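**Student:** fold the following for me, if possible:
(2 chains)
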There are 2 protein chains.
Amino acid sequence: MVGRLTLWGIENIPEIGAGDDLVSIIAHAIEAMAASDDGAALRDGDILVVTSKIVSKAEGMQVPIEARDLAIDEDTVRVVAERVHAGGTTKIVETRQGLVMAAAGLDTSNVPDGLALRLPRDPDASAKNLCAGLRERTGRKIGIIITDTLGRPWRVGQTDAAIGAAGVQLVDDLRGGVDANGRPLNVTVTVVADELAAAADLVKGKASGIPVAVARGLSRLVGDLDTPGARTLARLGEDDMFRFGSTEAYAQGYEAGMRARATAKEKAR
Amino acid sequence: MVGRLTLWGIENIPEIGAGDDLVSIIAHAIEAMAASDDGAALRDGDILVVTSKIVSKAEGMQVPIEARDLAIDEDTVRVVAERVHAGGTTKIVETRQGLVMAAAGLDTSNVPDGLALRLPRDPDASAKNLCAGLRERTGRKIGIIITDTLGRPWRVGQTDAAIGAAGVQLVDDLRGGVDANGRPLNVTVTVVADELAAAADLVKGKASGIPVAVARGLSRLVGDLDTPGARTLARLGEDDMFRFGSTEAYAQGYEAGMRARATAKEKAR
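**Tutor:** As a prediction, the model looks like this:
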């Protein structure tokens, strides 16, 4: 048996503002829960799954709502696809964090009126700070995953994924391993960090104001502080078969086809 | 607090063959676990997360390995993208189940030598049969999610997702709802079924031969047998911004651009 996995949300984390000390706030909330329930005290091998929103808020990534479009442009490395619809324009971009997502992750839900919130500038660095701080404060060897909500092609809706991490092994690389029949599992790289981010969303919940969950039962994944971060989960550049939306790629091809034909005619003349 | 979520794998499910009665096999394995651990007996509101592989095996979806390419073609509605690399050709297709995945889901891991395995023909129907059978056999109002392992653009590796379901609400549609600050959550549709599929993979594990997990703590999602199936999670056709790979869409555009230019020249002559 691989084991039992248990997840629960940390109650009573207050609204976070710029400059707040997340290590202290999270540790305090966990201690308060543990006061009435021994099982809620952190243990070695626990993984804390933290919604990026509170990290952004603590790091002062709020911008006035009027500056939202400018912030999207600043956080955009490359526009992947755009679509105009009744509610406005959906712009899917590659962000400087190596994520492909709508509006560069700029968010107005669960953000005070008049503000929009950018992603943490470097979510892996944020995770490392949190992990180091909480390990020191609690004396427990815990791991940190920072999550955000991502849409995806071909399927409706969104799921949570890992955008930052520290002290946690992110993938179970089964390439070179064998299955239960001894046959090679030659293409499977299970991204346990994303599976854990998704799992934790089931006990956090966007409407309930619970931004941190604890996952217990995967201590095999918890390791040194300098394990590779979530940035390594990006598959961009040459390996990306969906570098542009179909409409955008078609338009680029169309232009090139027109030009090539014109050049061929010139030469034939 | 949203609550506590606990997941564990069902031990001692034997290798499944064509014609096996999955309801009986799963129920028996759960009863055997419950004999030594009361907590392992099913309860109302438990959700069973079942790897599609054992469903395919029970439904006789094995084909000789020589017939693999033919089976891929038969299960393909549309080729989305193709890439030739050192190990062969990766073909991403839309399957008749409404999934976009490599090789139409044909699989040779954890399959006896000389065979490849197709996806269940109708995973929602398979889920409904399992759910009805297990509800009747156990007297418990449980839900069923059937999972498979999917790659995704822009991120490395794979995660498990829901390809069939019965008796479970698949999405938390937050559109029209409000966040903790009372602001509209106007674009968020959380696909809890995929999050649950991902969570369960963390206790199943591809190398460990545990094909079924129980998730306890989400009874709010468990409902009537005729809730919408996982087929409703497909976002294809007009709404699909990534209908083709970038290379494929570019090539289509290029051809069209060449033709358009040629036609314009003809007319101008």
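
**Student:** how near is the most centrally placed residue in chain A to chain B?
**Tutor:** When Cα atoms, centre = their mean is applied to chain A, the residue found nearest the centroid is A:Ile163 (2.6 Å). The spacing between A:Ile163 and chain B, counted by Cβ to the nearest Cβ, to the nearest Å, is 10 Å. No exception for glycine: its C-beta is placed from N, CA and C like everyone else's.

**Student:** ok, that residue touching A:Thr95?
**Tutor:** No - between A:Ile163 and A:Thr95 there is no contact under Cβ atoms under 8 Å: 9.2 Å.

**Student:** quick revisit: if I look at the residue nearest to the centre of chain A, what pLDDT would I see?
**Tutor:** Note for A:Ile163: predicted pLDDT of 98.

**Student:** got the angle between the helix or strand hosting it and strand B:158-166?
**Tutor:** In this assignment (DSSP states H and E), A:Ile163 forms part of strand A:158-166. Angle of strand A:158-166 versus strand B:158-166, following axes from the mean of the first three to the mean of the last three Cα atoms, to 10 degrees, is 150 degrees.

**Student:** sorry, back to before: now list whatever residues contact both of A:Ile163 and A:Thr95.
**Tutor:** Taking Cβ atoms under 8 Å, 6 or more residues apart in numbering or on different chains as the criterion, A:Ile163 and A:Thr95 both touch A:Leu119.

**Student:** using PDB, write out every CA atom in stretch A:15-29.
**Tutor:** Extracted in PDB, the C-alpha atoms of stretch A:15-29 (Å, rounded to 0.1, in the frame of the first residue of the first chain):
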ATOM      1  CA  GLU A  15      -6.900  38.700   5.400                       C
ATOM      2  CA  ILE A  16      -3.300  39.300   4.400                       C
ATOM      3  CA  GLY A  17      -1.900  42.700   3.500                       C
ATOM      4  CA  ALA A  18       1.400  44.000   2.100                       C
ATOM      5  CA  GLY A  19       4.300  43.300   4.400                       C
ATOM      6  CA  ASP A  20       2.600  40.700   6.600                       C
ATOM      7  CA  ASP A  21       4.800  38.000   7.900                       C
ATOM      8  CA  LEU A  22       3.300  34.800   6.400                       C
ATOM      9  CA  VAL A  23       5.600  32.500   8.300                       C
ATOM     10  CA  SER A  24       4.400  33.800  11.600                       C
ATOM     11  CA  ILE A  25       0.700  34.000  10.500                       C
ATOM     12  CA  ILE A  26       0.600  30.500   9.200                       C
ATOM     13  CA  ALA A  27       2.500  29.000  12.100                       C
ATOM     14  CA  HIS A  28       0.200  30.800  14.600                       C
ATOM     15  CA  ALA A  29      -2.900  29.500  12.800                       C
END
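
**Student:** pull out the buried residues from that stretch.
**Tutor:** For stretch A:15-29, burial by neighbour count (16 or more other Cβ atoms under 10 Å in any protein chain shown) applies to A:16, A:20, A:22-23, A:25-27, A:29.

**Student:** could you do stretch A:256-268 as well?
**Tutor:** So for stretch A:256-268, counting by 16+ other Cβ under 10 Å, buried means A:257-258, A:261.

**Student:** paired strands for the helix or strand of chain A with the lowest mean pLDDT, with orientation please.
**Tutor:** Lowest mean confidence among the helices and strands of chain A (mean pLDDT, DSSP states H and E): strand A:172-173, at a mean of 82. With DSSP bridges as the test, strand A:172-173 is paired with strand A:189-190 (antiparallel).
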